[in-house]
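> below are the sequence and a predicted model; questions follow.
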Amino acid sequence: MTHPIPDPRLDTLDGFRVETDPAAERGDIILDRPPMNVINMGQRDQIRAAFEALDHDDRVRVIVLRAEGEHFSSGGYIKGFLQASPEHVSHLADNVAAPWRASKPVIAANQGYTFGVGFEISLACDFRIATQSCRYALPEQKLGQIPGSGGSARLQAIIGIARTKDVVMRSRRITGQQAYDWGIATEVVEDSELAAATARLVDELRGFSPLAQRTAKKLINDSENATVAIGIELEGHAYSRLRQSDDFAEGVNAFHEKRKPEFSGR
């Protein structure tokens, strides 16, 4: 189990590891800096490189971001913000957006403290599975700061301005259950079920056409801030292109023949 593509940034991983399981068509980025999985400044560059490597690995269909231990991440290394240059800090949001930019589906498996950048990078993923112990928070106000890696913007798009102000301006913690009720988490499970729930979602996503999944993710991302009319126009163009794909023909034939489709990604 190693990272799949040579990249100098991944020669010595700092605070996390990368595993691939070709049989499950799965690639995992695993936060592993006990006990709180604090994410330091340099680690953010490496995590971005890891997402890019897995996104280009043909053996991987689904990417999972998870963590070892009781907590997903208590957030960033605080002193690092004072030590980093303004130019470096300006790239933080770009690094955290790596799962959003990835063409493949990305699942965040969240347990325990999921604070600060840990919450922000989870918000950039496509699916969030939260456990009962999970606590989401953007606590930057307690430091005289605001979220700096897309946290407030992504959260507002999901839960609206009033609830985002409540979370950000009060540094409020949200339970896994409340995150599910508000639409932040796509699933909430017991802590002991997190690994199994993640594996089930990976297997479900693998069953679809990879071409259709990439198209759907890009379309939804691209039309996030579009008007309904523009979104419908973009959807029509994407739909028309997929009509010409081998996967669409296979899906239609499999439906009529009452069998499971065998998608090729073409």
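Arrived safely, thanks for sending.

> strands of the stretch 51-200 of the chain, start to end?
Along the stretch 51-200 of the chain, counting by DSSP state E, counting those that start in this stretch, strands occupy 62-67, 106-110, 113-115, 127-131, 135-137, 174-175, 187-189.

> quick one: the helices in the stretch 151-266 of the chain?
151-159, 161-169, 176-182, 194-206, 210-222, 228-242, 246-257 (DSSP state H, counting those that start in this stretch).

> can you tell me which of those is nearest to residue 40?
helix 151-159 (17.7 Å; C-beta to C-beta). For every residue, glycine as well, the C-beta is placed using N, CA and C.

> next, the angle helix 161-169 makes with the closest one.
150 degrees (axes from the mean of the first three to the mean of the last three C-alpha atoms, to 10 degrees).

> re the thing from before, could I get the strands of the stretch 51-200 of the chain as JSON lines with distance to residue 232 and mean neighbour count?
Converted to JSON lines, the strands of the stretch 51-200 of the chain look like this (distance: least, C-beta to C-beta, whole Å; neighbours: other C-beta atoms under 10 Å):
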{"stretch": "strand 62-67", "distance to residue 232": "28", "mean neighbour count": "26"}
{"stretch": "strand 106-110", "distance to residue 232": "26", "mean neighbour count": "28"}
{"stretch": "strand 113-115", "distance to residue 232": "35", "mean neighbour count": "27"}
{"stretch": "strand 127-131", "distance to residue 232": "25", "mean neighbour count": "26"}
{"stretch": "strand 135-137", "distance to residue 232": "33", "mean neighbour count": "24"}
{"stretch": "strand 174-175", "distance to residue 232": "33", "mean neighbour count": "21"}
{"stretch": "strand 187-189", "distance to residue 232": "29", "mean neighbour count": "21"}
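
> so what's the residue lying closest to residue 40 once chain neighbours are set aside up against?
Closest residue to residue 40 apart from its sequence neighbours, by C-beta to C-beta, 6 or more residues apart in numbering: residue 77 at 4.1 Å. Residue 77 is in contact with 38, 39, 40, 41, counting by C-beta atoms under 8 Å, 6 or more residues apart in numbering.

> name the nearest of those residues relative to residue 65.
residue 39 (11.4 Å).

> on that earlier part again, turn the helices of the stretch 151-266 of the chain into a markdown table, columns for mean pLDDT.
Shown next, in a markdown table, are the helices of the stretch 151-266 of the chain (pLDDT from 0 to 100):
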| stretch | mean pLDDT |
| --- | --- |
| helix 151-159 | 96 |
| helix 161-169 | 97 |
| helix 176-182 | 98 |
| helix 194-206 | 98 |
| helix 210-222 | 95 |
| helix 228-242 | 93 |
| helix 246-257 | 91 |
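
> so residue 250 makes contact with residue 265?
No - checked against C-beta atoms under 8 Å, the pair residue 250 and residue 265 is beyond contact range at 10.5 Å.

> now the common contact residues for these two.
By the contact definition C-beta under 8 Å, 6+ apart, residue 250 and residue 265 are jointly contacted by residue 209.

> the residue nearest the centre of the chain and residue 32: what is the separation?
What sits nearest the mean C-alpha location of the chain, by C-alpha atoms, centre = their mean, is residue 125, with 1.9 Å. Counting by C-beta to C-beta, to the nearest Å, the gap from residue 125 to residue 32 is 18 Å.

> ditto for residue 173
From residue 173 to residue 32 the distance is 24 Å (C-beta to C-beta).

> cool, residue 24 as well?
20 Å.

> what does residue 43 give?
11 Å.

> quick one, which of those two is more surrounded?
residue 43 (22 against 14; other C-beta atoms under 10 Å).

> and that one, which helix or strand is it part of?
helix 41-55 (DSSP states H and E).

> likewise residue 19?
strand 16-21.

> re earlier: which of the contacts of residue 77 ranks first by neighbour count?
Of all the contacts of residue 77, the highest neighbour tally under other C-beta under 10 Å goes to residue 39, namely 26 neighbours.

> ok, that residue - contacts?
Contacts of residue 39 by C-beta under 8 Å, 6+ apart are 15, 31, 33, 47, 73, 75, 76, 77, 117, 118, 121.
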